[in-house]
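J.: One predicted model, sequence on top.
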Amino acid sequence: MKKILFTLCLALVYSVTLHAQNQLEHFLKEGVAYHDQGLYDQAIASYQKMLELDPNSSLGHYEISLSYMYNKAYDLAIEHSEKVIEAGGRLLIPAIVVKASSWSDQGKVQDAIDLLEETTEKYELDVMVLYNLAICHFKRNDLENAERALVAGIYTDPFHPSSHYMLAVLKENQNLRTASMLSAYFFLLLEPNTARSEKMLAFLDRAFMKGVDASPEIGERKVINLTLNENDLDTQYGVVEMGLTMAAAVSLSEQDKKKKDVFCERTTSFLELLPAAKERGKKEGLSLDTHFYLPFYSALSSANYKELFCKYTNQRASDTNQKWLTKNEKKVKAFKAWTEEKIVELIQLEE
């Protein structure tokens, strides 16, 4: 009889535990769904129910800290992230990022920098730590340290789109057109079909047309004005800068003519100009450009992927390209596999 009662008790405990676990998973999924929709109050309510069931859940504390941060309730975000940090484990680094980001958004940028730099010294390098460190430096207009953090992050994880996006913006702020375009195209390679992709396509359009405009037509003639900075011409990308300006002038002079794919024409011109920069880059230039971006684009051209690259990176703005990519699924799959292999190969050369 005692054995039967003991078995029944075990079954009851198991049933209660299983029910609680199912509820935890339900509230977690519910909270994540709300958070992804930008419904942070609802997400927080779901995570609170989760924490009522398990007050020591690191996952619950982390997720609610993230929603609090996005909801701009920074003190609460810090409070819950600190509980995760105290517990340690796999969510330690993400929780540190939440705490640092919350400090940064509160205006405590130096405190955030100190925490993130301490983290890079104590733990294995993490791309999100380095990316958020770059954001903090950027807020203080310390572009040198922002770039250093972004480059380190890309070498840690070259598949992190936001690092390439921010590096493009940073280079634009430094008036480095070609360098910014290297990062911009790479971002589109990693994230070709989002709202951010549209912004980056517009970014590239502005970069390509930089220094070129048309005066009002005089009779039947259209006057194209070119502006070339002498300082730009005496750099690693001097030949590329001149070539881009000339290509933009041609593009502008022919804008009334029907073009099959202006983006692809511009992109192809850019790719074909880069080998000249690579030659100069052997003696001067940033290591990320010389050892990663330029070799990647050179290999892409040698592998005859220029046309596919154009269609893939411009799919957000072109229904025609999207249809072509869908129709040529095998080619796209091979291209993506080649891309991943080449990226890993180039990054490993630096290890």
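T.: That came through fine.
J.: How is Ala337 classified with respect to secondary structure?
T.: Using DSSP: H, G, I helix; E, B strand; the rest coil, the secondary structure recorded for Ala337 is helix.
J.: repeat for Ile135
T.: Judged by three-state DSSP, the three-state class of Ile135 is helix.
J.: Excluding residues flanking it in the chain, which one is nearest it?
T.: Nearest in space to Ile135, with sequence neighbours left out and distances taken as C-beta to C-beta, 6 or more residues apart in numbering, is Ser104 at 6.9 Å. Placement of C-beta: from N, CA and C, glycine included.
J.: Now do the contacts for that neighbour.
T.: Shown here is Ser104, whose contacts under the criterion C-beta atoms under 8 Å, 6 or more residues apart in numbering are 112, 132, 135-136, 139.
J.: Separate out the buried members of these.
T.: Among the contacts of Ser104, those scoring as buried are 112, 132, 135-136 (criterion: 16 or more other C-beta atoms under 10 Å).
J.: hang on, the earlier thing: tell me which two in the contacts of Ser104 are the farthest apart.
T.: Distance extremes for the contacts of Ser104: the farthest pair is Asn132 and Lys139 at 10.7 Å, using C-beta to C-beta.
J.: Leu274 and Pro295, how far apart?
T.: Separation of Leu274 from Pro295 (C-beta to C-beta, to the nearest Å) stands at 10 Å.
J.: who's more crowded, these two?
T.: For Leu274 against Pro295, the residue with the higher neighbour count under other C-beta atoms under 10 Å is Leu274, and the figures read 23 against 17.
J.: quick one: contacts for the more buried one?
T.: Applying C-beta under 8 Å, 6+ apart, we find Leu274 in contact with 240, 294, 297-298, 301.
J.: How much space separates the closest residue to Leu190 other than its chain neighbours from Ser197?
T.: For Leu190, ignoring the flanking residues on the chain, the nearest one in space by C-beta to C-beta, 6+ apart is Pro161 at 4.2 Å. Taking C-beta to C-beta as the measure, Pro161 and Ser197 are separated by 9 Å.
J.: between these two, who's got more neighbours?
T.: Counted by other C-beta under 10 Å, Pro161 and Ser197 do not tie: Ser197 has more neighbours, with 21 against 18.
J.: quick one: contacts of the helix or strand harbouring the more buried one?
T.: For Ser197, the host element (DSSP states H and E) is helix 195-208. Surrounding helix 195-208, the residues in contact under the criterion C-beta under 8 Å, 6+ apart are 161, 165, 168-169, 172, 177, 180-181, 184-185, 187-188, 191, 244, 247-248, 251, 263, 266, 270, 314, 316-317.
J.: Buried ones in that helix, by neighbour count?
T.: Within helix 195-208, the residues scored as buried using 16+ other C-beta under 10 Å are 197, 200-201, 203-204, 207-208.
J.: from the buried ones among the contacts of Ser104, which single one is nearest Thr156?
T.: Ranked by distance to Thr156 (C-beta to C-beta), these are led by Asn132 at 13.0 Å.
J.: helix or strand for that closest one, which one?
T.: When elements are defined using DSSP H and E, Asn132 is found to belong to helix 127-139.
J.: Contacts for that helix next, please.
T.: In this structure, residues lying in contact with helix 127-139 by C-beta under 8 Å, 6+ apart are 93-94, 96-97, 100-101, 104, 109, 112-113, 116-117, 119-120, 143, 145-147, 149-150, 152-154, 156-157, 160, 162-163, 166, 170.
J.: Sort out which of these are buried, if you could.
T.: Among the contacts of helix 127-139, those classed as buried by 16+ other C-beta under 10 Å are 93-94, 96-97, 100-101, 104, 109, 112-113, 116-117, 119-120, 145-147, 149-150, 152-154, 156, 160, 162-163, 166, 170.
J.: quick check, Gln48 in a helix?
T.: Yes: using three-state DSSP, the assignment for Gln48 is a helix.
J.: got a list of what it touches?
T.: Contact analysis of Gln48 by C-beta under 8 Å, 6+ apart lists Ile64.
J.: Name the surrounding residues that touch stretch 331-340.
T.: Applying C-beta under 8 Å, 6+ apart, the external contacts of stretch 331-340 come out as 159, 189, 303, 305, 308-309, 312, 325.
J.: Pull the number of nearby residues for Val129.
T.: For Val129, the number of neighbouring residues by other C-beta under 10 Å comes to 25.
J.: er, Leu28 actually
T.: Residues lying near Leu28 (other C-beta under 10 Å) number 18.
J.: do you know how far it is from Asn56?
T.: When C-beta to C-beta is applied, the distance between Leu28 and Asn56 equals 15 Å.
J.: quick one: low-confidence ranges for the stretch 201-350 of the chain?
T.: With pLDDT under 70 as the threshold, the stretch 201-350 of the chain has low-confidence stretches at 211-234, 251-260, 278-286, 349-350.
J.: got the residue ranges for the helices in the stretch 1-150 of the chain?
T.: Counting by DSSP state H, counting those that start in this stretch, residue ranges of the helices within the stretch 1-150 of the chain are 2-36, 40-53, 58-70, 74-87, 92-105, 109-122, 127-139, 143-156.
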